[in-house]
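Novice: Requesting a structural model of the entry that follows:
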Amino acid sequence: MTKLLCFAHRGASGHEPENTLSAVEKAISMGTDWIEIDVYAVEGELIVIHDERLERTTNGYGYVVEKSLEYLRSLDAGKGQRLPTLTEVCDLVDRKAGINIELKGPGTTHLTVSLINNYVRERFWSYDQFIVSSFNHHELIKIKKAQPRIKIGALVVGVPIHYAEFAQGIGAYSVHLRIDSINKAFVEDAHKRGLKVFVFTLNHPEDLARMEEMDVDGVFTNYPEIVLSKYEGCNYAKLLKNEND
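Specialist: This next block holds a predicted model:
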């Protein structure tokens, strides 16, 4: 049986407030393979939050990029958690899982490349422990040009006419599709092009068998136990080792 990689979507967000350190810590404790988080650039810092506005996930208001870093860091993101920085997330993960960084908003590319380079050179991480993803494929091209060793994941809604050709064209490592869009033909085309296929967001156990049948490589989920409970002993370190052998 092929083991699907488990991406904790915004951390273990079905258990703890999304995109917070408590959600990341919960995902690590569950043994997830990868942790997916979202970043905006504010005052030269990468702040972790999904929405462009603050109202849904915090007690703040307005657009993220229009607020000061001091204001953003003062907010309650749920259960007393504050909005973390990407540095705080990386330090907490500490190579216990891979990190999928989804770029949101302007100005994130340079900061993300700089941070990843620093963690590889100074903190003993590997480039293989990061994936940078975005719906804005122009930003992914910038990432790849700035540091070719960084893996990029192309996010897409729907099934493109030429399937995964677009992702191959930008040098992507993986393509990320919505669970209600994915089909077997797309997966087969992506695999022929040497691309991984990761699906978002799987939150119902009955969908797991369907993803296995389509031969996808991994899934994003708010509830990592859905995936991890089926693959006892499945962990990021083992799968990464096997992939690089």
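
Novice: Of all the residues in stretch 11-22, which ones are buried?
Specialist: For stretch 11-22, a neighbour-count test (16 or more other CB atoms under 10 Å) marks 11-22 as buried. The C-beta positions use only the backbone N, C-alpha and C, and glycine is treated the same way.

Novice: Which ones among those map onto strands?
Specialist: Using DSSP state E, no member of the buried residues of stretch 11-22 sits in strands.

Novice: Please give the three-state secondary structure assignment for residue 118.
Specialist: Recorded secondary structure, residue 118: helix (DSSP: H, G, I helix; E, B strand; the rest coil).

Novice: can you give me the strands in the chain?
Specialist: 5-9, 34-42, 45-48, 98-103, 130-134, 151-156, 174-178, 196-200, 218-221.

Novice: which one among the buried residues of stretch 11-22 gets closest to residue 209?
Specialist: residue 14 (19.7 Å; CB to CB).

Novice: For residue 106, grab the count of nearby residues.
Specialist: Counted with other CB atoms under 10 Å, the neighbours of residue 106 add up to 11.

Novice: Is it correct that it is in contact with residue 64?
Specialist: No - contact criterion CB atoms under 8 Å: residue 106 and residue 64 do not qualify, at 11.2 Å.

Novice: which residues does residue 44 contact?
Specialist: residue 111 (CB atoms under 8 Å, 6 or more residues apart in numbering).

Novice: Distance check, it against residue 50.
Specialist: Noted for residue 44: a distance of 21 Å to residue 50, by CB to CB, to the nearest Å.

Novice: Next: residue 82.
Specialist: 15 Å.

Novice: higher neighbour count, those two?
Specialist: Using other CB under 10 Å as the criterion, residue 82 and residue 50 rank with residue 50 on top: 19 against 16.

Novice: Spatially, what comes nearest to the more buried one if we skip its sequence neighbours?
Specialist: What sits nearest to residue 50 in space, not counting adjacent residues and going by CB to CB, 6 or more residues apart in numbering, is residue 38, at 4.4 Å.

Novice: The one you found contacts residue 52, correct?
Specialist: No - using CB under 8 Å, residue 38 is not in contact with residue 52; the gap is 10.2 Å.
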